[in-house]
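> everything below, folded, please.
(one chain, ligands or ions: 2)
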Amino acid sequence: MTILVAPSLLAADFGKLREAVKLVEENGADWIHFDIMDGHFVPAITMGPAVVQSLRPHSRLFFDVHLMVANPEAHLEAFAAAGADLITVHAEATAHLDRVLRRIKALGVKAGVALNPATSPAVLDYVWPLLDLVLVMSVNPGAGGQPFIPEVLPKISFLAQQIRERALSTVIEVDGGINAETASQVVQAGATVLVAGTAVFTGEDGLKLIQAFKLLKGPTRPI
Ligand code: DX5
Ligand code: ZN
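Ligands and ions are numbered 1, 2, ... in the order given. As a prediction, this is how the structure comes out:
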């Protein structure tokens, strides 16, 4: 199973985002992870569709937009028009998850659901066929640089088993506290897309982690 790496711009210098994208692209990144925060679903405010739009012409990478926003329904068209390849909404942020996922897909964009650490994967039971991706939060959303929450590891394994049993092509992405130590743990549990902000953009050998993550091997036994 190929491991994909999605550096999060949250940890980059916001005054030099174009350079940050170029740097991680040159170092083997597969996706760019945009952490969109609205000050309501989470306390912080970060960036909006204009940032995605401004970077779109400068990168061929897959743009992975993580909406940590209340009422995500109101923002889907704007991010799709800005050039998002994938839009992930939080299961906790909408009462109409099925409708939101169908609208994302109708826009021609891949659809994902993010689960906070305390959220059960049971919320996905009736939307699995709509899911291109499940984003397992391994920190509580709202900031980068937080410690990894190991209690989410069984959730990753459970999701991987669900995907296998349902013969789906849904991928599992993990976001938060991913570094040299935790990356192998989540890949062994069944994750194939790794978000990393702090480890990539602030660690002295951060950029080298991208290639190291891509060499990680998935579970040796069937999940
Ligand atoms: C949390 C954010 C972070 C960010 C990466 O709201 O989603 O998880 O992507 O965080 P670090 O810096 O831990 O890689
Ligand atoms: Zn994120």
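
> CA atoms for contacts and neighbours, from now on please.
OK.

> is any residue of stretch 64-83 near ligand 1?
No: Stretch 64-83 stays clear of ligand 1 (C-alpha under 6 Å from any ligand atom), getting no nearer than 7.2 Å.

> gap between the two ends of that stretch?
10 Å (C-alpha to C-alpha, to the nearest Å).

> please apply the same query to stretch 66-80.
One end of stretch 66-80 to the other measures 12 Å (C-alpha to C-alpha).

> buried residues, it. List them.
Buried positions in stretch 66-80, judged by neighbour count with 16 or more other C-alpha atoms under 10 Å: H66, L67, M68, V69, A70, N71, P72, E73, L76, F79, A80.

> of the residues you listed, which is the nearest to E181?
Nearest to E181 among those is H66, at 23.6 Å by C-alpha to C-alpha.

> hang on, that closest one is in a helix, isn't it?
No: using DSSP: H, G, I helix; E, B strand; the rest coil, the assignment for H66 is strand, not a helix.

> list the beta-bridge partners for it.
Beta bridges link H66 to D35, T88, judged by DSSP bridges.

> ok, back up a step: can the buried residues of stretch 66-80 go into a markdown table with extra columns for secondary structure and pLDDT?
Formatted as a markdown table, the buried residues of stretch 66-80 follow (DSSP: H, G, I helix; E, B strand; the rest coil; pLDDT from 0 to 100):
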| residue | secondary structure | pLDDT |
| --- | --- | --- |
| H66 | strand | 98 |
| L67 | strand | 99 |
| M68 | strand | 98 |
| V69 | coil | 98 |
| A70 | coil | 98 |
| N71 | coil | 97 |
| P72 | helix | 98 |
| E73 | helix | 97 |
| L76 | helix | 98 |
| F79 | helix | 99 |
| A80 | helix | 99 |
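
> include distance to A199 when you put the residues you listed into a markdown table, please.
What follows is the buried residues of stretch 66-80, written out as a markdown table (distance: C-alpha to C-alpha, whole Å):
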| residue | distance to A199 |
| --- | --- |
| H66 | 18 |
| L67 | 21 |
| M68 | 21 |
| V69 | 24 |
| A70 | 28 |
| N71 | 30 |
| P72 | 28 |
| E73 | 31 |
| L76 | 29 |
| F79 | 26 |
| A80 | 28 |
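
> cool, thanks, signing off.
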